[in-house]
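A.B. asks: predicted model and sequence follow; I will ask about them next.
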Amino acid sequence: MHWKSFARIGKPIVKEFHSEYFERHALALDTALGEGGEQAFEAAVSVAASLVYTLDTQECLLDMLFVGEQAHVYTAGRGMLRSEHLLEVLAGLHHSDGDSPARLEAAVLARGGGLASCILVLAGWDEGRLKLLRALRQAGLQVLALAVVADDTVIDPALGVRRLRIGSVQQDLLAP
């Protein structure tokens, strides 16, 4: 019952409320140096930046996660940060030590219950990154995995990982 309207109009007025629900998605960026070194890291950051730039955060929330000295989470969307702020964060990002895939796994899984999906941008390919991908999928997340790798790196197609070659990232993203 909305009492102010009832007093003003003279007949009962009911005011209804409903919660707004926004789907929450994660963009998880692997910051550990892999076999491609700095080039793979820089290309992975560029891929993440292009995704941040193109995703519409007015109808969803986007959690950008990466690991440095600690796990960092920035959320963009309606009533939160703007995508431009996420781009600024990416511009100042540095690579981390080798155990970041395990720490990134923990950070994403800590938010996992509220996530609809995860875009995983990897700066290389190895057993640690494969373990990360499998753990996210076993947790029930729908994962789009993009791995920036050297030309000679082989990734089993059955894993559903999009292979992006250093120096040919744009072409590989556009390929069917």
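C.D. replies: Great, that's in hand. Numbering: from 1, shown residues only.
A.B. asks: and the helices in this structure, which stretches?
C.D. replies: Remark: helices of the chain, listed N- to C-terminal, are 3-9, 37-54, 83-91, 100-111, 127-138, 169-174; assignment by DSSP state H.
A.B. asks: what's the closest of those to residue 146?
C.D. replies: Evaluated with C-beta to C-beta, the helices of the chain place helix 37-54 nearest to residue 146, the distance being 6.0 Å. Where C-beta positions appear, they are placed from N, C-alpha and C, glycine not excepted.
A.B. asks: so who does the spatially most central residue of the chain touch?
C.D. replies: When the chain is reduced to its mean C-alpha position, the nearest residue by C-alpha atoms, centre = their mean turns out to be residue 27, at 0.4 Å. Residue 27 makes contact with 48, 51-52, 55, 62-65, 118-119, 121, according to C-beta atoms under 8 Å, 6 or more residues apart in numbering.
A.B. asks: which ones among the residues you listed map onto strands?
C.D. replies: Among the contacts of residue 27, DSSP state E puts 62-65, 118-119, 121 in strands.
A.B. asks: from those residues, which is closest to residue 104?
C.D. replies: residue 65 (6.7 Å).
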